[in-house]
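> Sequence first, predicted coordinates after that:
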Amino acid sequence: MDAGDDWSCDANDAVHITVVQPGETKPKTLSNFHPQFTYPIFGDEERIFGYKGLIIRLRFAAHDLRPHVHISYDEKFKTVDDTAAVDLNETLKLWIPEEAFTTLPEFEKAVQDDETAKDFVPPGKPVHSYTSRQRNYEIWAGSLADPRVRHVLERAQVFVSLFIEAGTPLATDDPEWTLERWTVYFVYEKVDPPTPTASQYSIVGYATTYRWWYYNRGPLESSAISKDVSFPLPDVAVSDLPARLRIAQFLILPPHQGSGHGTHLYTTIHTKCFEDPTIVELTVEDPNEAFDALRDTADYHILLPEFAKHKVNINPDPYEAHSRNQRPRRVPTADLIPVKLLHDIRTSYKISPTQFSHILELFLLSRIPFENRQAGGANMSRLLIKKYRAEDPNERRYYWWRMLVKQRLYKRSRDILIQLDPSDRIQKLEETVTNVEEGYEVLLKAFSARQESLIAEITDEKERKRSQSAAVLDEASEAPNGTLGRDQRVKRKFTVADDDDEEETEGEASKRPKV
Ligand SMILES: CC(=O)SCCNC(=O)CCNC(=O)[C@H](O)C(C)(C)COP(=O)(O)OP(=O)(O)OC[C@H]1O[C@@H](n2cnc3c(N)ncnc32)[C@H](O)[C@@H]1OP(=O)(O)O
């Protein structure tokens, strides 16, 4: 008999996460969800031995994340020799703050009767607010050196293990100068408090970022070796040193995912970088696929207006500037795209070089008509033969687009590629560029779907306003003492107001992702 099968259960199913807020007489559930991963806590198999009907309920107060652990089960395995049920309290203590191991009535009383909750504000300072689907949200940010920030983060840390693959909780007991390198961003929904003493804040997600020393070989180097330096050097605040900002952990809780909060949080962090003269670049530590998609989407919309303003596109005739025997042997990058301009755009928006290349390639691909791209049925054999001599400028653009991507890929993986035979090397590059291109096509399709739904929303809104205006006008023209002249003025007034509103709505819509 395999006792393990009978007595073990799926840890992801057994763990329930519940967000609560005060109710009429006792705390009520705002949301309930399961973790995505439990392997850091319960092992690679994500199974728990020794219980039947096991429920591990992790409760969190919606505003300050006060935690509570409640374990219940139908039956527990009786120890036989060395085989015993997992000691759940001992296991969980390594991941959840001590304060969570109280009785349920104690926790419920603390949440329900917390008189201070009504005055609770998230830790740090408010840095951004937005409305989505008629609900209001705020983003707050504070240094990890601030005890309030640390307190809420320590309560939230278990989410990193439960939702971010390979994510590890931060050490919050480091020396102060190290803690100062970290900024934590919290996203909260602002809700109507359910009771007179309840908080108006409810957690949505959070992100941690840290400053990563940036070695600047420019003016800073010369000043550091100046002859006038006297020792000991004056104290320098970490926040004054040039740095890359790195996003370490980024999480939107499951009930709020897919509603644009990740995009708001990312663009807020980007805006903060943009405004901070000591930050040189925004980078991300080990992003996963979902985060890459979010980041690509957000960065694309950040850079789109710049690319459009400068009419960035691939020059289909880069050899025009060269006579036949003077043609460069390599990809004529500087004749294909405005290298200096693009460098300036990249550094001013503080986007890291690889990420910028992705977004630029995505944008340049979008400039080539769909029918001239592989996904749109372009004749790839003809392109292979004709190359840059193809008649259609868009076909030539597409040829050069693939060459630019191959050039980047080659530079990135040169050490591996030069070990291959030239024919294998060409095939590998060909396969990789096709994979990269397929990924871009998925993103471009998602962008145009979003664009269409935005246009539909705007059209619906216009239609709604128009019928509202028409209803008002109908009422006005029915007025017994209304003159024609007066009616016309009323009509014009409504029309003009409508146009203004439309323009504003459109402007807001196109600017929206920039936050
Ligand atoms: C550095 C790191 O920490 S990497 C780890 C990132 N965190 C996690 O994976 C934890 C669990 N997941 C999450 O927290 C969230 O789902 C996030 C952060 C990945 C995304 O946040 P959300 O608020 O759900 O994203 P948002 O609604 O703003 O979506 C923005 C875009 O991101 C992309 N995206 C979001 N989630 C996903 C996903 N699961 N898979 C693929 N693409 C996704 C889409 O392109 C989406 O655009 P669309 O709305 O036009 O479809």
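That came through fine.
> Run a quick neighbour tally on the residue of the stretch 251-400 of the chain at minimum distance from the ligand.
Residue of the stretch 251-400 of the chain nearest the ligand, by Cβ to the nearest ligand atom: residue 262 (2.4 Å). Where you see a C-beta, it was placed from the backbone N, CA and C, and this is true even at glycine. Neighbourhood size, residue 262 [other Cβ atoms under 10 Å]: 25.
> mind listing what's buried in the helix or strand that contains it?
Under the criterion of DSSP states H and E, residue 262 resides in helix 261-275. Neighbour counts over helix 261-275 (16 or more other Cβ atoms under 10 Å) mark 261-270, 272-274 as buried.
> what separates that helix from the chain centre, distance-wise?
8 Å (Cα atoms, centre = their mean, to the nearest Å).
> same check, this time on stretch 29-48
In terms of Cα atoms, centre = their mean, the centre of stretch 29-48 is set 23 Å apart from its chain centre.
> try stretch 135-154
How far stretch 135-154 lies from its chain's middle: 18 Å, per Cα atoms, centre = their mean.
> what residues does the protein put near the ligand?
Contacts of the chain with the ligand, taken as Cβ under 6 Å from any ligand atom, map to 163-164, 247, 249-252, 257-263, 284-285, 287-288, 290-291, 293-294, 297, 446, 450.
> quick one: low-confidence ranges for the protein?
1-5, 217-228, 469-515 (pLDDT under 70).
> how about 50 then?
1-4, 224, 476-515 (pLDDT under 50).
> quick check: domain ranges of it?
Structural domains assigned to the chain are 8-216+240-286, 304-318+332-458, following the TED database.
> Could you identify which of those domains is most buried?
Burial of those is given as mean neighbour count (mean count of other Cβ atoms under 10 Å); domain 8-216+240-286 ranks first at a mean of 17.
> I'd guessed the residue of the stretch 251-400 of the chain closest to the ligand sits against residue 292; true?
No: the criterion here is Cβ atoms under 8 Å, and residue 262 misses it with residue 292 at 11.7 Å.
> Quick check, the residue in the stretch 101-250 of the chain closest to the ligand?
Here the stretch 101-250 of the chain gets closest to the ligand at one residue, residue 250, 3.8 Å apart by Cβ to the nearest ligand atom.
> can you give me the strands for the protein?
Along the chain, counting by DSSP state E, strands occupy 8-10, 15-21, 28-33, 47-49, 51-52, 55-61, 67-72, 75-76, 125-132, 135-143, 182-190, 201-213, 243-252, 279-284.
> what about the longest one, distance to the chain center?
Spelled out, it's strand 201-213. The chain centroid and the centroid of strand 201-213 are separated by 11 Å, computed with Cα atoms, centre = their mean.
> Check which helices and strands that strand sits against.
Contacts defined by 3 or more Cβ pairs under 8 Å, 6 or more residues apart in numbering; DSSP states H and E place strand 201-213 against strand 15-21, helix 147-156, strand 182-190, strand 243-252, helix 261-275.
> Kindly calculate the angle that that strand makes with strand 28-33.
Strand 201-213 runs at 50 degrees relative to strand 28-33, counting by axes from the mean of the first three to the mean of the last three Cα atoms, to 10 degrees.
> picking up where we left off before, can you list the domains of the chain in JSON lines and add distance to residue 464?
As requested, the domains of the chain are arranged in JSON lines below (distance: least, Cβ to Cβ, whole Å):
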{"stretch": "domain 8-216+240-286", "distance to residue 464": "15"}
{"stretch": "domain 304-318+332-458", "distance to residue 464": "11"}
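> ok, and the closest non-adjacent residue to residue 409?
Of all residues not flanking residue 409 in the chain, residue 432 sits nearest, at 5.4 Å (Cβ to Cβ, 6 or more residues apart in numbering).
> Ok, residue 298 next?
In space, and not counting its chain neighbours, residue 298 is closest to residue 266: 4.9 Å by Cβ to Cβ, 6+ apart.
> Equivalent analysis for residue 204, please.
Per Cβ to Cβ, 6+ apart, closest to residue 204 is residue 187, 4.1 Å.
> what sits against the one you found?
137-139, 203-206, 252, 256, 261, 264-265 (Cβ atoms under 8 Å, 6 or more residues apart in numbering).
> switch to 6 Å and redo it
139, 204-205, 261, 265 (Cβ atoms under 6 Å, 6 or more residues apart in numbering).
> Identify the residues contacting residue 280.
Contact analysis of residue 280 by Cβ under 6 Å, 6+ apart lists 214, 242, 244.
> if you set the cut-off to 10 Å instead, what comes out?
Taking Cβ atoms under 10 Å, 6 or more residues apart in numbering, we find residue 280 in contact with 212, 214, 216, 242-245, 273, 347, 350, 352.
> all helices of the stretch 401-515 of the chain, in order?
Counting by DSSP state H, counting those that start in this stretch, one finds helices in the stretch 401-515 of the chain at the ranges 414-417, 422-478, 484-511.
> returning to what we had before: which other helices and strands contact the helix holding residue 262?
When contacts are defined as 3 or more Cβ pairs under 10 Å, 6 or more residues apart in numbering; DSSP states H and E, helix 261-275 packs onto strand 125-132, strand 135-143, strand 182-190, strand 201-213, strand 243-252, strand 279-284, helix 289-309, helix 339-349.
> Okay, now the sheet partners of the second one, with direction.
By that I understand strand 135-143. Note on strand 135-143: by DSSP bridges, its sheet partners are strand 125-132 (antiparallel), strand 182-190 (antiparallel).
> Let me have those strands in JSON lines, adding distance to residue 460 as columns.
As requested, these are exported to JSON lines (distance: least, Cβ to Cβ, whole Å):
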{"stretch": "strand 125-132", "distance to residue 460": "17"}
{"stretch": "strand 182-190", "distance to residue 460": "25"}
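> Of all those, which one comes closest to residue 425?
Taking Cβ to Cβ, strand 182-190 is the member of the strands paired with strand 135-143 nearest to residue 425, at 43.2 Å.
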